[in-house]
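# can you look at this prediction? I've put the sequence above it.
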Amino acid sequence: MTTATPIIRSSTGAEFLSMVPALAGYTATDSVLVIPFEGKRTIGRVMRLDLPGPRPREVHHALASLLLGNLSRLDRVDGLVLVVYAPGPFPNARAAHDGLRRTLERRLREGGFRIVDSFLVADDGWASWHERRGPWAGHPLEQIDSGEARERADAARGALRPIRAQAELPRPEPELVGALDEAALGLLEFEAEVDAFGRVVPAAPYERSGFTEQLLVQEPDELTLRQLARLAVLAAVPRERDETLLQIAFGIAAGRRAERSNDEIHEERERTGESLDEIVLRWRAEGRHGDHGLDDMMLGETRSRPDADRIQRAIDALGRVAANAGAPLQPGVRSMLGWLHWALGEGTAAGIHLDESLRIDPGHGMTQVLRALVGSGKVPEWAFVRD
C-alpha cells in the first residue's frame, strides 16, 4: 500500500506547501489533505477528503473516524500533517473550518498519531493553525510560489513524478480522432460498423466477456479502431460497464456472475414491474442477495485482491480511448478509469478522471457515486491485505 519515497526537506511552512501538489499529484481545492509521515519521511500517500464546510460536529467526528480507520492500517506511520484548502478570504475560511480542524487533531492524537502541523490555504492567504502570532489575514500566497520554494517543489516533482503520471493519457492519434467517435456512434445508434474495405456493414456478433478477455491479452497500442469503438460503447452502457470492471479486476468468473445477476434482476423487473432499487431493497429485506457479493467488490468491501496486471492493461486500453474520443464518450470511459485507478490505491489519479467526467456531464450517475466514494477518503479493503 505504501511506497518508499525520498526525504523531502523544507525549512518553512511555505516551502512545505509548495511541495504538497507534487506529493498529492494535483493542486487541491475544497479539500482536507492528510499527509502521513514515518519519522521525517512521507510514505508516498496523501489522503484526501472533500471539505464538508461548516457542519454539525457529528459530521466532523465521522470524518475523523474514517481517517483513523484508514491510518491505523498503515505500517509505521507516526506523524501527520493536515492541510485544509478552503475557498474565500482567509479570516472567513479560518472561522468556518477551525471546528473541523480541532476535531480532527484531537481524535487523531487520541488515536496515537503525532500532529506535525496543520495548515490553512485560502483564496488570499495561508498560515499554520499552530502559529501563536500568525497574521489575521494570513501570509501572502506569493510565499508559496517564491523562487526558493519553486526550486524545492521542482525537486519534489522530479522525485515523485510517477504519482503525477498515473492519470496521464497517451498522445492523441490523428487517425483515430473523429473516426473513433463516428465508429462508436454507428455501434450505439445503428448497430453498424465499418469493415476493412470502408463499407458500412451490420456489426459483427459480440460476446462481452470474450471481448474483454481479448482486450487484456493484446498490447494496448495494437487494438484496432473497431475494438476501441466497442470499448467506448461498452463504457457508455451501465450494465456492460459494471460487468466489465468486475471481470477486469477479479477475472472472467466474476464477470459472468455479474451477467447472471443482472439477468436475474432484469427478469424480476419484467415480472413485477418494480424498479431496480425496489427489487434490491425487497431482496435484502427477504434475505436474498441477487448480487452474489458483487456490490461488495464494486465498493471495495472485500479482502479478495484484484489482479493489478489486468487492471493496468485495461487502464492502458481505456487511456487510448479517452485520448482520442470526443466529449460524449468521455464520462463512461473516465468513470471506468476512475474505478480502476481507485482499485489500485491511486486515489489522486481516480479523482482527476472523475472530475473530468463531471466537468463534461455533472449528472453522470456512476461518476457521482465514485466521486463521493473517492472524495470520502475510502480505501478498498484489499489495499490493506498483506502478501
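Looks like it arrived, so ask away. Residues are numbered from 1 along each chain as shown.
# helices and strands of the protein: which one bottoms out on pLDDT?
The weakest-scoring helix or strand in the chain, judged by mean pLDDT, DSSP states H and E, is helix 161-165 (a mean of 47).
# how far does the next helix-or-strand element following that one sit from the chain's center?
Moving toward the C-terminus from helix 161-165, the next helix or strand (DSSP states H and E) is helix 179-185. Averaging C-alpha positions (Cα atoms, centre = their mean, to the nearest Å) puts helix 179-185 27 Å from its chain's average.
# what is helix 179-185 packed up against?
Using 3 or more Cβ pairs under 8 Å, 6 or more residues apart in numbering; DSSP states H and E, the elements in contact with helix 179-185 are helix 225-236. All C-beta atoms are positioned from the backbone trio N, CA, C, and that covers glycine.
# state the mean pLDDT of the helix it packs on.
Across helix 225-236, the average pLDDT comes to 92.
# now the helix or strand that comes right after that helix: buried residues?
Next along the chain after helix 225-236, taking DSSP H and E as the criterion, comes helix 238-250. Neighbour-count burial for helix 238-250 flags 240-250 (criterion: 16 or more other Cβ atoms under 10 Å).
# cool, stretch 208-221 as well?
Neighbour-count burial for stretch 208-221 [16+ other Cβ under 10 Å]: 208-209, 212-213, 215-216, 220.
# related to what we said a few turns ago, what's the closest of the buried residues of helix 238-250 to Thr27?
Set against Thr27, the nearest of those by Cβ to Cβ is Leu245 (28.4 Å).
# what residues are up against that closest one?
Residues near Leu245 by Cβ atoms under 8 Å, 6 or more residues apart in numbering: 298, 336, 339-340.
# next: Glu346.
166-167.
# before we move on, the earlier item: show me which of the buried residues of helix 238-250 is closest to Pro56.
Of the buried residues of helix 238-250, the one sitting nearest to Pro56 (Cβ to Cβ) turns out to be Asp242, at 34.3 Å.
# and the closest one, how far from Thr212?
As judged by Cβ to Cβ, to the nearest Å, Asp242 and Thr212 stand 12 Å apart.
# can you tell me which of the contacts of Leu245 are in helices?
298, 336, 339-340 (DSSP state H).
# what subset of the residues you listed is buried?
Neighbour counting with 16+ other Cβ under 10 Å marks 298, 336, 339-340 as buried within these.
# need those residues in CSV (columns: distance to Arg269).
Shown next, in CSV, are these (distance: Cβ to Cβ, whole Å):
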residue, distance to Arg269
Met298, 20
Met336, 25
Trp339, 25
Leu340, 29
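# okay if I get those as JSON lines plus pLDDT?
Below are those laid out as JSON lines (pLDDT from 0 to 100):
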{"residue": "Met298", "pLDDT": "86"}
{"residue": "Met336", "pLDDT": "96"}
{"residue": "Trp339", "pLDDT": "96"}
{"residue": "Leu340", "pLDDT": "95"}
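# so which of those residues is the closest to His266?
For these, with His266 as the reference and Cβ to Cβ as the criterion, the closest is Met298, at 18.1 Å.
# and Asp50, bridged to which residues?
In this entry, Asp50 is beta-bridged to Ser31, by DSSP bridges.
# how close does the residue nearest to Pro306 when sequence neighbours are not counted get to Leu318?
Nearest residue to Pro306, sequence neighbours excluded (Cβ to Cβ, 6 or more residues apart in numbering): Ala249, at 3.6 Å. Per Cβ to Cβ, Ala249 is found 13 Å from Leu318.
# would you map the strands across the protein?
31-38, 41-42, 47-50, 79-85, 114-121, 126-128, 192-194, 200-202 (DSSP state E).
# dump the fourth one to PDB, restricted to CA.
Once non-C-alpha atoms are left out, strand 79-85 reads as follows in PDB (Å, rounded to 0.1, in the frame of the first residue of the first chain):
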ATOM      1  CA  GLY A  79       3.000  11.700  12.300                       C
ATOM      2  CA  LEU A  80       0.500  13.600  10.200                       C
ATOM      3  CA  VAL A  81       0.300  17.000   8.500                       C
ATOM      4  CA  LEU A  82      -3.200  18.400   7.800                       C
ATOM      5  CA  VAL A  83      -3.800  20.900   5.000                       C
ATOM      6  CA  VAL A  84      -7.200  22.500   4.600                       C
ATOM      7  CA  TYR A  85      -7.800  24.100   1.200                       C
END
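# helices or strands next to it in the packing?
Using 3+ Cβ pairs under 8 Å, 6+ apart, the elements in contact with strand 79-85 are helix 13-24, strand 31-38, helix 90-110, strand 114-121.
# including distance to Leu141, mean neighbour count and mean pLDDT, could the ones you listed go into CSV?
Formatted as CSV, those follow (distance: least, Cβ to Cβ, whole Å; neighbours: other Cβ atoms under 10 Å; pLDDT from 0 to 100):
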stretch, distance to Leu141, mean neighbour count, mean pLDDT
helix 13-24, 9, 22, 83
strand 31-38, 17, 20, 88
helix 90-110, 9, 17, 93
strand 114-121, 8, 18, 94
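# rebuild those as a markdown table, extending it with distance to Arg310.
Converted to a markdown table, the helices and strands packed on strand 79-85 look like this (distance: least, Cβ to Cβ, whole Å):
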| stretch | distance to Arg310 |
| --- | --- |
| helix 13-24 | 27 |
| strand 31-38 | 29 |
| helix 90-110 | 36 |
| strand 114-121 | 38 |
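# residue contacts, the closest residue to Asn70 other than its chain neighbours?
Excluding the flanking residues, the one nearest Asn70 by Cβ to Cβ, 6+ apart is Val379, at 5.2 Å. Val379 is in contact with 1, 70, 73, 300, 345, 347, counting by Cβ under 8 Å, 6+ apart.
# understood, closing this out.
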